[in-house]
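Colleague: Test case, fold it:
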Amino acid sequence: MHVSLTLICRSLSTSDLFSLMLSRSALQSNRLLSTSKVLQKQVQNVTIIGAGLMGSGIAQVSAQSKLNVVLVDQNDAALQKATKGIHSSLARVAKKKFAEDAAAQNKFVEGTTKYIKTTTNINEGVKDADLVIEAIVENIDVKRKLFAELEKNVKSDAILTTNTSSLKLSDIGLNLKNKQNFGGLHFFNPVPMMKLLEVVRHAETSDDTFKTLNDYGKAIGKTTVACKDTPGFIVNRLLVPYMFEALRMVERGDATMEDVDIAMKLGAGYPMGPFELTDYVGLDTSKFIMDGWHKAYPNEPLFKPSDLLSKKVAEGKLGRKSGEGFYKYTK
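Modeller: Predicted coordinates for the structure are as follows:
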């Protein structure tokens, strides 16, 4: 293996920013679409790089649509954890689909998992891929190194994609030779439940590549929306500045964070207020996104960092995962 996958991220994706905002509708609509005949001529073999929550979820929904899946990560322990998680998730789906029919449940789970293979050999894992989906750490240098290696080992017509939620595609694929075969597939966590898929194209993504990515998304049961290569795409571009405007309101003394959260839940119908949501996502994750956007667009007022957020992160108050963020949490 020529590229190190040591930095592969197995934590929640920054797309968690939107997860709870769609959770109600996701629970109400969880049907999976069958693979179309058109798709089968274009994408049948899918390789996912990164076996964390996002990568595992993408592998599951692809396999449920009878696509051949190869899941790649740095070591067997990560892959075994992912395989166990996929099996448990499929078992929950099977129990809902087939109620008390244990035989049908087992058939569904085993029939789906047979489409998934795992490997720690990244070059071997991508050699037959029609579509490669990167779902690793949000680090531009690591991603660039990975894609440079991928391009050397995939078929000439293979499509390479990233699941990034905060970085620009044009920056990630800067050194790619076949930029027309590169695009973005931004999934939302948890992938098996969340119906939305943002399909992203940069300036050099070909029409054929973009159409194939849309077809793939629809075939795995997602509602696709198209977006150009802008910071945060659609969802996070709207949601992150909303969260930071809430921070600025509190910093100015316009309202308390408790009142802001109550107002957005009862007045706008959101399942969480912005401070509760920031705690859920992680204060460090939110800061990482906005710091990156501010660096790239220093004159954009919507991307101005928050002193309050920076102070909390410096104190190690990162939200639910650390036990305290804007609120305190007990197990």
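
Colleague: For residue 112, list the residues it contacts.
Modeller: If a contact means Cβ atoms under 8 Å, 6 or more residues apart in numbering, then residue 112 has 60, 63, 64, 90 as its contacts. (C-beta placed from N, C-alpha, C; glycine too.)

Colleague: residues touching the last one, list them.
Modeller: Same thing as residue 90. With contacts defined as Cβ under 8 Å, 6+ apart, the neighbours of residue 90 are 60, 64, 108, 109, 112, 113.

Colleague: can you rerun that using 7 Å?
Modeller: With contact taken as Cβ atoms under 7 Å, 6 or more residues apart in numbering, residue 90 is in contact with 60, 109, 112, 113.

Colleague: Same question for the first one.
Modeller: When contacts are counted by Cβ under 7 Å, 6+ apart, residue 60 is found next to 86, 89, 90, 191, 192.

Colleague: separation between it and residue 136?
Modeller: To residue 136, residue 60 is 18 Å away according to Cβ to Cβ, to the nearest Å.

Colleague: what secondary structure does residue 258 sit in?
Modeller: Three states are possible here, and by DSSP: H, G, I helix; E, B strand; the rest coil the one that applies to residue 258 is helix.

Colleague: ok, it - how many residues close by?
Modeller: When neighbours are defined as other Cβ atoms under 10 Å, residue 258 has 14 of them.

Colleague: tell me which element the closest residue to residue 174 other than its chain neighbours falls in.
Modeller: Once its chain neighbours are removed from consideration, residue 174 has its nearest residue in residue 144; the separation is 6.6 Å (Cβ to Cβ, 6 or more residues apart in numbering). For residue 144, the element it lies in under DSSP states H and E is helix 140-153.

Colleague: Now do that helix: which elements does it pack against?
Modeller: Using 3 or more Cβ pairs under 7 Å, 6 or more residues apart in numbering; DSSP states H and E as the contact criterion, the elements in contact with helix 140-153 are helix 122-126, strand 131-134, strand 159-162, helix 169-172.

Colleague: now with 6 Å?
Modeller: Helices and strands in packing contact with helix 140-153 are listed as helix 122-126; criterion 3 or more Cβ pairs under 6 Å, 6 or more residues apart in numbering; DSSP states H and E.

Colleague: quick one: average pLDDT of the helix it packs on?
Modeller: Per-region confidence: helix 122-126 scores 96 on mean pLDDT.

Colleague: sorry, back to before: now, among the contacts of residue 112, which is nearest to residue 254?
Modeller: Comparing the contacts of residue 112 against residue 254 with Cβ to Cβ places residue 60 closest, at 43.7 Å.

Colleague: In a helix, that closest one, correct?
Modeller: Yes. Residue assignment for residue 60, taken from three-state DSSP, places it within a helix.

Colleague: how close does it get to residue 271?
Modeller: Distance, residue 60 to residue 271, by Cβ to Cβ: 24 Å.

Colleague: residues contacting the residue nearest the centre of the chain?
Modeller: To find the centre residue of the chain, average its C-alpha atoms and take the closest one (Cα atoms, centre = their mean): that gives residue 187, at 4.1 Å. The neighbours of residue 187, taking Cβ atoms under 6 Å, 6 or more residues apart in numbering as the test, are 58, 163, 197.

Colleague: Adding neighbour count, write those residues out as JSON lines.
Modeller: As requested, those are arranged in JSON lines below (neighbours: other Cβ atoms under 10 Å):
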{"residue": "58", "neighbour count": "25"}
{"residue": "163", "neighbour count": "25"}
{"residue": "197", "neighbour count": "24"}
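
Colleague: So which of the residues you listed is the closest to residue 328?
Modeller: When the contacts of residue 187 are compared for distance to residue 328 (Cβ to Cβ), residue 163 comes out closest, at 32.2 Å.

Colleague: gap between that closest one and residue 50?
Modeller: Residue 163 sits at a distance of 8 Å from residue 50 (criterion: Cβ to Cβ).

Colleague: and if you look at residue 223?
Modeller: Counting by Cβ to Cβ - residue 223 and residue 50 are separated by 24 Å.

Colleague: These two: who's more crowded?
Modeller: Residue environment comparison for residue 223 versus residue 50 gives the larger neighbour count to residue 50, 28 against 11, counting by other Cβ under 10 Å.

Colleague: Can you pull the phi and psi angles for that one?
Modeller: Its backbone dihedrals place residue 50 at phi 110, psi 110, with angles given as degrees, to the nearest 10.

Colleague: quick one: residue 89 and residue 63, what's the gap?
Modeller: 11 Å.

Colleague: And the two? Which one has more around it.
Modeller: Neighbour count, other Cβ under 10 Å: between residue 89 and residue 63, residue 63 has more, with 23 against 20.

Colleague: quick one, strands of the stretch 1-150 of the chain?
Modeller: With strands called from DSSP state E, counting those that start in this stretch, the stretch 1-150 of the chain shows them at 45-49, 68-72, 116-119, 131-134.

Colleague: Pairing partners for the third one, with directions?
Modeller: Looking at strand 116-119 with DSSP bridges, its paired strands and their directions are strand 68-72 (parallel).

Colleague: Next, the angle strand 45-49 makes with the partner strand.
Modeller: Interaxial angle of strand 68-72 relative to strand 45-49 (axes from the mean of the first three to the mean of the last three Cα atoms, to 10 degrees): 20 degrees.
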